[in-house]
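Novice: coords below, sequence missing:
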């Protein structure tokens, strides 16, 4: 089955700096890669996703890049704000079945 | 639009007892998922339904876990008997039937097994 590795497990940045979270996946047939944000005690919420026919996607301060050959994808957050502090999960899927990474706890210090 | 509803929000039981969780997906979402999220880890898919049929239950511990989705809408997940390692948040999610569509998560049920 699919295996998704996520790094780093914790990331601390100063407000205004950029944050980068990286994930690798094992199944070359995976074709959909969402990123979820989970605040403490709350449900995961989709923040951005990318499909395998696209190399990069951007939405305001958030961007995701995908390298199908290397089987890795990354989340980039620019101009970080304290409200960006949360746990971020990457996931990979073919069909509807999502396999999640272990999560990255992002802390943005004011 | 109403989101995914789950109940109860919290449950504390002793090991070897049974417990059931309920989920009501977003109206019109044919696909429903149950995930187990252990503290500090990512959600792990337990079972996926499309309408009232099981699509994938390969990671469901079938000796103690069961799930059903009668009439293709609401779903229940049951654990019997519970073990200490079942302590986790159980998340229900739903999506439109097409592959690669956003999954919307419910608030989850936090289960503590003592």
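Specialist: Thanks, I have the structure now. All values derive from a computational prediction rather than experimental measurement.

Novice: what comes into contact with stretch A:1-10?
Specialist: A:21-27, A:30, A:89-94, A:97, A:99-107, B:42, B:58 (C-beta atoms under 8 Å, 6 or more residues apart in numbering or on different chains). Every C-beta, even on glycine, is put in place using the N, C-alpha and C of the backbone.

Novice: residues contacting the residue of chain A found nearest chain B?
Specialist: Closest residue of chain A to chain B, C-beta to the nearest C-beta: residue A:100 (3.3 Å). Going by C-beta under 8 Å, 6+ apart, residue A:100 touches A:4, A:36, A:89, A:90, A:91, B:42, B:43, B:44.

Novice: Adding neighbour count, distance to residue B:106 and secondary structure, write the residues you listed out as JSON lines.
Specialist: Compiled in JSON lines, the contacts of residue A:100 are given as follows (neighbours: other C-beta atoms under 10 Å in any protein chain shown; distance: C-beta to C-beta, whole Å; DSSP: H, G, I helix; E, B strand; the rest coil):
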{"residue": "A:4", "neighbour count": "24", "distance to residue B:106": "22", "secondary structure": "strand"}
{"residue": "A:36", "neighbour count": "26", "distance to residue B:106": "14", "secondary structure": "strand"}
{"residue": "A:89", "neighbour count": "27", "distance to residue B:106": "16", "secondary structure": "strand"}
{"residue": "A:90", "neighbour count": "29", "distance to residue B:106": "21", "secondary structure": "strand"}
{"residue": "A:91", "neighbour count": "27", "distance to residue B:106": "17", "secondary structure": "strand"}
{"residue": "B:42", "neighbour count": "22", "distance to residue B:106": "17", "secondary structure": "coil"}
{"residue": "B:43", "neighbour count": "28", "distance to residue B:106": "12", "secondary structure": "coil"}
{"residue": "B:44", "neighbour count": "16", "distance to residue B:106": "16", "secondary structure": "strand"}
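
Novice: all strands of chain B, in order?
Specialist: If DSSP state E is used as the criterion, the strands of chain B fall at B:5-7, B:10-13, B:19-24, B:31-37, B:44-50, B:53-56, B:65-68, B:75-79, B:88-95, B:104-105, B:109-113.
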